[in-house]
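J.: dropping the sequence and predicted coords here.
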Amino acid sequence: MILLSPLGALGRATLQTLAAIGRVALFAFQAIGHMVRPPFYGREFALALLNIGWLSLPVVGLTAIFTGGALALQIYAGGARFNAEAVVPQIVAIGMVRELGPVLVGLMIAARVTSSIAAEIATMKVTEQIDALVTLSTNPMKYLVAPRVLAGLIVVPLLVAVGDVIGIFGGWVVATGSLGFNPATYLKNTVDFLELLDIVSSLTKGCIFGGIAALMGCYFGMNSGRGAQGVGKATKGSVEAAAVLILAANFLLTGAFFSL
């Protein structure tokens, strides 16, 4: 019995994990179904675009520019050990576009937007506003979830593109201002080194990360417990789940795009 107890705990944890994955998958399929079927709520969609996209630009821009600058410094310092300082523009470009740009934007969206969505929807559930929507013959999935997930799918790739450009600009500023690179040569090396696949992978990651971030906020908000404690747990759980899923999805997508 003593030996079977850990196995039983492991089995229960595995079953609970699989059940949670199933619930999230069903929730995602329902959200996708409501996105393509009328009625559509244009006002909610526009507000979601504003909240996820425009209002996230400051934190995305600041994160990207400092990351690009720090990346240039690190690559220069590392390359100096092998007399390879000239690779700074190429590595900054590929590092920002392939990995750091999409991942950092995704994590910033998870921190800012996922938590906001989860707290908002969970509060609506606690205050019975979702029940009021049902009473008014309005489907909460269609009114609350579908516009936010669709906005995440559309606007986060744009944020990733902006973050990539700003990150490369941050590397350019540091390289030309502190490391002695020629501005025109730096930009030429950056443009010549990047390939279409790099840009496509970056935008694809942004789309998937945006969908994950919005979906996790909606899922945890719709399934939150009652009271202030339930709202807090939903908010915390949504950010944790979104961050882990974004990093896991990044690994899988990187393997799919660049595996040899």
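T.: Right, received. Where do you want to start? Numbers count the residues shown, from 1 in each chain.
J.: for stretch 159-171, which outside residues touch it?
T.: Outside stretch 159-171, the residues within contact range by C-beta atoms under 8 Å, 6 or more residues apart in numbering are 53, 56-57, 60-61, 63-69, 71-72, 88-89, 92-93, 96-97, 100-102, 104-106, 109, 190, 202-203, 205-206, 209-210. Any C-beta I mention is one placed from the backbone N, CA and C, and that applies to glycine too.
J.: mind checking which of those residues are in helices?
T.: The helices, defined by DSSP state H, take in 57, 60-61, 63-69, 71-72, 88-89, 92-93, 101-102, 104-106, 109, 190, 202-203, 205-206, 209-210 from the contacts of stretch 159-171.
J.: just the buried members of the contacts of stretch 159-171?
T.: Buried subset of those (neighbour count, 16 or more other C-beta atoms under 10 Å): 53, 56, 60-61, 63-65, 67-69, 71-72, 88-89, 92-93, 96-97, 100-102, 104-106, 109, 190, 202-203, 205-206, 209-210.
J.: show me what contacts the residue nearest the centre of the chain?
T.: The chain has residue 106 as the residue nearest its centroid, 2.3 Å off, counting by C-alpha atoms, centre = their mean. Contact criterion C-beta under 8 Å, 6+ apart gives 156, 160, 205-206, 209-210, 212-213, 246, 250 as the residues in contact with residue 106.
J.: how about residue 53?
T.: The contact partners of residue 53, taken as C-beta under 8 Å, 6+ apart, are 151, 155-156, 158-159.
J.: if you set the cut-off to 7 Å instead, what comes out?
T.: 155, 158-159 (C-beta atoms under 7 Å, 6 or more residues apart in numbering).
J.: swap in residue 98?
T.: Under the criterion of C-beta under 7 Å, 6+ apart, the neighbours of residue 98 are 198, 201-202.
J.: and of those residues, the nearest to residue 40?
T.: Distances from these to residue 40 were compared by C-beta to C-beta; the smallest belongs to residue 202, at 29.0 Å.
J.: isn't that closest one up against residue 102?
T.: Yes: Residue 202 lies in contact with residue 102 (C-beta atoms under 7 Å); the separation is 5.3 Å.
J.: tell me where the model's unsure across this protein.
T.: Counting by pLDDT under 70, the chain contains low-confidence residues at 1-4, 8, 260.
J.: secondary structure element for residue 75?
T.: With the criterion set as DSSP states H and E, the secondary-structure element containing residue 75 is helix 57-80.
J.: name the residues that touch that helix?
T.: Residues external to helix 57-80 that are found in contact with it (C-beta under 7 Å, 6+ apart): 85, 87-88, 91-92, 95-96, 100-101, 104-105, 108, 112, 159, 162-163, 166-171, 173-175, 179.
J.: what about the helices in the chain?
T.: Counting by DSSP H, the helices of the chain are 4-35, 42-52, 57-80, 88-94, 101-109, 115-126, 129-135, 140, 146-178, 183-193, 196-222, 227-258.
J.: report the angle between the third one and helix 101-109.
T.: Between the direction of helix 57-80 and that of helix 101-109, the angle (axes from the mean of the first three to the mean of the last three C-alpha atoms, to 10 degrees) works out to 140 degrees.
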